[in-house]
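> Build me a model from this:
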Amino acid sequence: MIQAVAVQRTLNKSVRFEGVGLHSGKPVCLTVHPAPAGHGISFCRSDIALGEAVVPARWDAVEQGPLCTKIVNGAGVSVSTVEHVMAALSGCGVYNARLELDGPEVPILDGSAAPFVQRFLEVGLQSLDQPVWAIRILQQVEVRRGAAWARLAPANEMKIEFSIEFEDAAIGRQHKTLNMANGSFVRELCTSRTFCRQSDVQAMHEQGLALGGSLDNAVVVQGDKVLSPGGLRHADEAVRHKMLDALGDLALAGAPILGAYTGARAGHAMTNALLRKLFETDGAFCFVRCTAEQAARLPGAGVHLGEMPKVA
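Residues are numbered from 1 along each chain as shown. Predicted coordinates for the structure are as follows:
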């Protein structure tokens, strides 16, 4: 019996986003364009007049740091805060796109992936003429730094499990596990915003960091209080956002992953370190051409606009 092969997808048409950069606070415009089969995901800095302006959205282009995911090409041209739009692309099943940006940062928008997901699903996707290849995890790989750790293990579908613990009672200890198939990213994670403590905001501003951060694009807490207007979108919004970040960082693998990711107190740098260890470990993975049945277990399979949660 011949099994149906899943095909790659891209957007039906270009979509534009305007906002401010999280770190600079300056206006920035991002346009996400359709791309042909086999293109993958790439960023292009339209403000770079000379030299190589294209930055590949890949794990080996990541410059590790604690606050966001930053990718850099061989000429030193960079794009930062890519994790939310990468999560949206992965969570909607978009495997090919060219992202044109007029500055060094992706706009932070509301601090979640929801604005990206909303527009992607509004314009819809088109099927392309090449099969989907996925990375199947064959053996467990793990990285640890102090009390923080992250792991990839074999599984028939993509799963994400995450645990966090903060002193502030408004966050505290949170844990969540999700099978990422059947649109669970869109329904469960995409609206969850980045979060921080008020003391961290003040410290970052004093260092000239996160100048674009505000109560409109982050959940800010102080002790047992949520300072952001409207409060939380989910009681466990913080851990959901960490799972969103993890999906975006894992999307830099260059192909969807069939495997289980577990993170405990992990961040962007640790997830990238995990991908680096995966690709340098002999026998830890293989590439598989996805059947329709396998592709149905990947993030983005069958998602539609009606699954978008309503947010204030």
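> so how far is stretch 273-287 from its chain's centroid?
Centre-to-centre, stretch 273-287 and its host chain are 19 Å apart (Cα atoms, centre = their mean, to the nearest Å).
> Could I get the buried residue list for it?
For stretch 273-287, a neighbour-count test (16 or more other Cβ atoms under 10 Å) marks 273-276, 278, 284-285 as buried. Backbone N, C-alpha and C define where each C-beta goes, glycine included.
> which residues sit against that stretch?
Identification of contacts with stretch 273-287 by Cβ atoms under 8 Å, 6 or more residues apart in numbering yields 59-60, 64, 133-139, 141-143, 150-152, 249-250, 252-253, 255, 259, 261.
> What of stretch 161-179?
Residues from elsewhere that reach stretch 161-179 (Cβ under 8 Å, 6+ apart): 157-160, 184, 188-189, 195, 197, 221-226, 236, 238-240, 242-243, 246, 260-266.
> Is there a quick PyMOL command that grabs whichever of those are buried?
In PyMOL syntax, the buried subset of those is picked out as below (16+ other Cβ under 10 Å):
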select buried, resi 157+158+159+160+184+188+189+195+197+221+226+236+238+239+240+242+243+246+260+261+262+263+264+265+266
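> mind listing which of the buried residues of stretch 273-287 are in strands?
Phe285 (DSSP state E).
> Just give me the residue closest to the centre of this structure.
Nearest to the geometric centre of the chain sits Gly248, at 1.7 Å (Cα atoms, centre = their mean).
> which residues of the stretch 151-300 of the chain fall in strands?
159-165, 173-179, 195-197, 219-222, 225-226, 257-258, 260-264, 285-289 (DSSP state E, counting those that start in this stretch).
> Go through the ones you listed and name the closest to Gly40.
strand 285-289 (13.6 Å; Cβ to Cβ).
> Please verify my assumption that Ser127 contacts Ala6.
No. The criterion here is Cβ atoms under 8 Å, and Ser127 misses it with Ala6 at 9.3 Å.
> So if I had to pick from those two, which one is more boxed in?
Ala6 (22 against 11; other Cβ atoms under 10 Å).
> Report the spatially closest residue to that one, excluding sequence-adjacent ones.
Ala295 (3.3 Å; Cβ to Cβ, 6 or more residues apart in numbering).
> residue contacts, the one you found?
6, 132, 134, 301.
> Least confident of these?
When the contacts of Ala295 are compared on pLDDT, Ala6 comes out lowest, with 82.
> so what's it up against?
131-132, 290-292, 294-295 are the contacts of Ala6 under Cβ under 8 Å, 6+ apart.
> What of Met86?
Neighbours of Met86 in contact, by Cβ under 8 Å, 6+ apart: 41, 57, 69, 247-249, 251-252.
> quick one, phi/psi of it?
Note on Met86: backbone dihedrals following degrees, to the nearest 10 are phi -70, psi -40.
> so where is the stretch 151-300 of the chain shaky, pLDDT-wise?
202-213 (pLDDT under 70).
> ranges for the helices of it?
Ranges of helices in the stretch 151-300 of the chain, per DSSP state H, counting those that start in this stretch, are 184, 198-206, 237-250, 268-280, 292-295.
> With respect to Val79, which of the ones you listed lies nearest?
For these, proximity to Val79 was assessed by Cβ to Cβ; helix 237-250 is nearest, at 13.0 Å.
> which other helices and strands contact the closest one?
helix 83-91, strand 159-165, strand 173-179, strand 195-197, strand 219-222, strand 260-264, helix 268-280 (3 or more Cβ pairs under 8 Å, 6 or more residues apart in numbering; DSSP states H and E).
> mind redoing it with 6 Å?
Helix 237-250 sits against helix 83-91, strand 159-165, strand 173-179, helix 268-280, with contacts defined as 3 or more Cβ pairs under 6 Å, 6 or more residues apart in numbering; DSSP states H and E.
> The last one to strand 285-289, inter-axis angle?
Relative orientation of helix 268-280 with respect to strand 285-289: 80 degrees, computed using axes from the mean of the first three to the mean of the last three Cα atoms, to 10 degrees.
> Buried by neighbour count, from the contacts of Met86: which ones?
Among these, the ones that count as buried (16+ other Cβ under 10 Å) are 41, 57, 69, 247-249, 251-252.
> A strand includes Ser100, no?
Quick fix: residue 100 is Glu, not Ser. Yes. Assessed with DSSP: H, G, I helix; E, B strand; the rest coil, Glu100 lies in a strand.
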